[in-house]
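Predicted model and sequence below, questions to follow.
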Amino acid sequence: ARSLLEQVSSVEDMISRSTKGRFHTEMANTLKEFGVAEGEKHYFDRALHHYKEASSQFEKVGNLRYTAAVENNRGYLLLSLQRFKESQSHLERARTLFDHLGDAFGCAQVDETLAQLYLTGEDYELARRVIERAVSTLEGSGEDDLLAEGLNTQGLILCRLGQRTDAKPIIERARRVAERCGDREGAGRALLILIEEMCDQL
């Protein structure tokens, strides 16, 4: 994938801003996967550069939906890198854009990431409110992989709030939903949360 994208980079000056935005988005996503696979920081740095370029190109052509999606991806990567303040800035911008567009599903995706951010900052009550809003929207979306991820986050937040009795059925549901859509990693994450957070109760 990276080899094909690098071929596009040689003709970048000849393509439209919209296509440039798509190119930079795909390059960022690909480099992020290299960073995850190889654990090399320079891949993440390059991915962030491409996300910045993608966001700029989409904004210049007025494509706010794609701008919001890129800002969400950018915020999620910064969260993974523990650059929390920068992450929050991009996530809040993404949510504002999705909200302006009336895109409830886009808002829910950002809310799930924001809940993870608040969880990391130990603002559990805010995290709980945000994830409840996200899960409520994802329930009827048909996107089971995203619903499973949201349920896992919701269960973990409830565990951190000491509400393990409420958390257990939510985490078990997350496992079932993940298994149903073939997301073995999501199902495994649910089991890991159960083991790490409720070992003495199991």
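Thanks, I have it.

Give me the helices and strands touching the lengthiest helix in the chain, please.
Secondary structure assigned by DSSP state H gives helix 17-38 as the longest helix of the chain. If you count contacts as 3 or more CB pairs under 8 Å, 6 or more residues apart in numbering; DSSP states H and E, helix 17-38 packs onto helix 2-9, helix 41-60, helix 64-80. Every residue, glycine included, has its C-beta placed from N, CA and C.

what's the most buried one of those?
The highest mean neighbour count among these, using mean count of other CB atoms under 10 Å, belongs to helix 64-80: a mean of 22.

Just the CA atoms of it, as CSV, please.
Coordinates of each C-alpha in helix 64-80 appear next as CSV, following Å, rounded to 0.1, in the frame of the first residue of the first chain:
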residue,chain,number,x,y,z
LEU,A,64,-16.2,19.6,6.4
ARG,A,65,-17.3,16.0,6.8
TYR,A,66,-13.9,14.7,5.6
THR,A,67,-12.1,17.4,7.7
ALA,A,68,-14.0,16.2,10.8
ALA,A,69,-13.1,12.5,10.0
VAL,A,70,-9.4,13.4,9.7
GLU,A,71,-9.4,15.5,12.9
ASN,A,72,-10.9,12.5,14.7
ASN,A,73,-8.2,10.2,13.4
ARG,A,74,-5.6,12.7,14.3
GLY,A,75,-6.9,13.1,17.8
TYR,A,76,-7.1,9.3,18.3
LEU,A,77,-3.5,8.9,17.2
LEU,A,78,-2.4,11.7,19.6
LEU,A,79,-4.3,10.0,22.4
SER,A,80,-2.4,6.8,21.6
